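Asker: Give the three-dimensional model of this entry:
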Amino acid sequence: AKILKEKDNFLVATHIGYDPDALSSLIAIGLILKELNKNFALYLDEELKEEYFWLPLKEKIIKDIINDYENLIIVDCDSYHRVSEKIQNFAQNKFKIFIDHHQSNKLDGDFNLVLNAVSTTEILFHLAEELKIQSSELANMILLGLMGDSLNLTIEFSQEKLIKVLEIIIKLIKSGADLNLVNQTLLFKPFTELKKLAEIFTRVNEEDDIFWVIVEAKEIQSGVLANNLNKIREAKIIIVIEDFKNYLKVHFRSKGDINVAELAQKYFNGGGHKNASGGRLNMKLGEGIKYTLEKTKEFLNAYKKF
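Answerer: Numbers count the residues shown, from 1 in each chain. Next comes the predicted model:
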């Protein structure tokens, strides 16, 4: 809070292939900076998807860095390898702030606000409280990230944590957050996307409680696909392998105590959440499939022993 009050001229960015928490964190920190009367811009590599057209501050989103911003804020991102090359190049000699909830965060910033939270927007909720900033737009952004990363409160919570999350949600709704709008944004998909999901489901393989599928690069939103596959009752671990020809992106989902963030961090140069993580392999497809299944089976068998 002190840093945001004292400094000015911010560029805010998040990871490539944004998800609801990344996007809403980007907009939320923008709303906070706007309330503090700061000069800022929001950097986003990809186009804004149709379901997010209602979000505020769209006019602040840029794709080219023209101005020489003095400070860089990176939200919902655990390291530089997950941001665009433009941001990596821009970051040189800038004051860098990481705001994140991934416990795999590399702490690459000059200041790192990395806390154990359900979403990065949960951290921004407490930051906004500290700064005494409140609005319905900000409440909507915080709720969108919180519901997005908790998969609409379906991830496994301790009773204590669930109560705290519900208390935050109540405060957000009292501040003007629209739970119906947030749920519609997260849950409703275009018919074409649902048809694509159905087609990919026919390609899913199953081995030893591991369900896995290969998709071409950017064939579908891999996070959405992985979340839907994780609804399979029998699945202990879900794997989506995204083939970029020169490298592979590997997306993991799990249930309960199976911490796939450990798997992604140990073997796949990645990290993430306990039940939702990902990484990258510099391998061709055949080699990558063999390696991924081998390491995942070893990892899952170790959990089964307990």
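
Asker: Every contact and neighbour count from this point should use C-alpha atoms.
Answerer: Fine.

Asker: what about the helices in this protein?
Answerer: Taking DSSP state H as the criterion, the chain contains helices spanning 2-6, 20-35, 85-90, 120-131, 136-149, 159-174, 179-187, 191-201, 222-229, 260-267, 285-304.

Asker: Can you tell me which helices and strands the shortest one packs against?
Answerer: The criterion is 3 or more Cα pairs under 8 Å, 6 or more residues apart in numbering; DSSP states H and E, and there are no helices or strands that helix 2-6 contacts.

Asker: List of residues touching that helix?
Answerer: Here helix 2-6 makes contact (Cα atoms under 8 Å, 6 or more residues apart in numbering) with Leu33, Leu36.

Asker: Dump the C-alpha coordinates for that helix into PDB.
Answerer: Extracted C-alpha coordinates of helix 2-6, given in PDB (Å, rounded to 0.1, in the frame of the first residue of the first chain):
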ATOM      1  CA  LYS A   2       2.800   2.400   0.800                       C
ATOM      2  CA  ILE A   3       4.600   1.700  -2.500                       C
ATOM      3  CA  LEU A   4       1.400   2.300  -4.500                       C
ATOM      4  CA  LYS A   5       0.900   5.600  -2.700                       C
ATOM      5  CA  GLU A   6       4.400   6.800  -3.100                       C
END
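
Asker: Now that helix: average pLDDT?
Answerer: For helix 2-6, the mean per-residue pLDDT is 97.

Asker: Figure out how far it is from the centre of its chain.
Answerer: 25 Å (Cα atoms, centre = their mean, to the nearest Å).

Asker: now stretch 78-87
Answerer: Computed by Cα atoms, centre = their mean, the chain-centroid distance of stretch 78-87 equals 13 Å.

Asker: Contacts only, for Leu26.
Answerer: Contact partners of Leu26, counting by Cα under 8 Å, 6+ apart, are Val12, Ala13, Thr14, Leu42, Val75.

Asker: okay if I get the helices of the chain as CSV plus distance to Glu242?
Answerer: Supplementary listing: those in CSV, determined by distance: least, Cα to Cα, whole Å:
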stretch, distance to Glu242
helix 2-6, 38
helix 20-35, 20
helix 85-90, 20
helix 120-131, 25
helix 136-149, 21
helix 159-174, 33
helix 179-187, 22
helix 191-201, 12
helix 222-229, 8
helix 260-267, 15
helix 285-304, 9
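
Asker: Thanks a lot, catch you later.
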